[in-house]
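Undergrad: Predicted model follows, preceded by the sequence.
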Amino acid sequence: MLTLFLAQLSSGQVQQVSESYLIGSWIVDHKIQEGDTEITVYRRCTTGQIGSVLRFLTTGEYRITFNSGRKIGRRCGNEIYQGGIIRQGGIAGYYRFNIQDQSVSLESYNTDPNMNWNLVWIDENSFGVIKAKDNSTYD
């Protein structure tokens, strides 16, 4: 299944994309696993979406927020109140897009390690992150 997916992606990706395609909000749509390889597929979304939302900003920064969709009740220390909805902790940092190899480096302002993602563009509204299973992605 992974081989078929990769062949389908590579045949559809005739032209490299620019950093402007990355700008916006993304959420994990699904994951594909085979052997030691995993592809996490992200799709465009709105910032009010339930779950972990990854936003690439025009300033070169990225933000990852978690929207539980629950209304304020009892709060924990890592929850942030925004517009009547609880948002649990977030991660922020800056990113660098490499147009040559279609990869992005994420460097967090927090304590998270730097991450390098190899991207495969499915279309302008979705991309895949190819990685070995032991690497981490935000999802």
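TA: Received it, and whenever you're ready, just let me know what you need.
Undergrad: Got phi/psi on residue 124?
TA: Torsion angles at residue 124 (phi, psi; degrees, to the nearest 10) stand at phi -70, psi -10.
Undergrad: Read off the pLDDT value for the residue nearest to it when sequence neighbours are not counted.
TA: Distances taken as C-beta to C-beta, 6 or more residues apart in numbering place residue 21 nearest to residue 124, at 6.0 Å, with adjacent residues excluded. All C-beta spots, glycine's among them, are computed from the backbone N, C-alpha and C. In the predicted model, residue 21 carries a pLDDT score of 87.
Undergrad: And residue 21, how far from residue 102?
TA: 10 Å (C-beta to C-beta, to the nearest Å).
Undergrad: tell me, what's touching these two both at once?
TA: Listed as contacting both residue 21 and residue 102 by C-beta atoms under 8 Å, 6 or more residues apart in numbering are residue 121.
Undergrad: beta partners for residue 90?
TA: Under DSSP bridges, the beta-bridge partners of residue 90 are residue 65.
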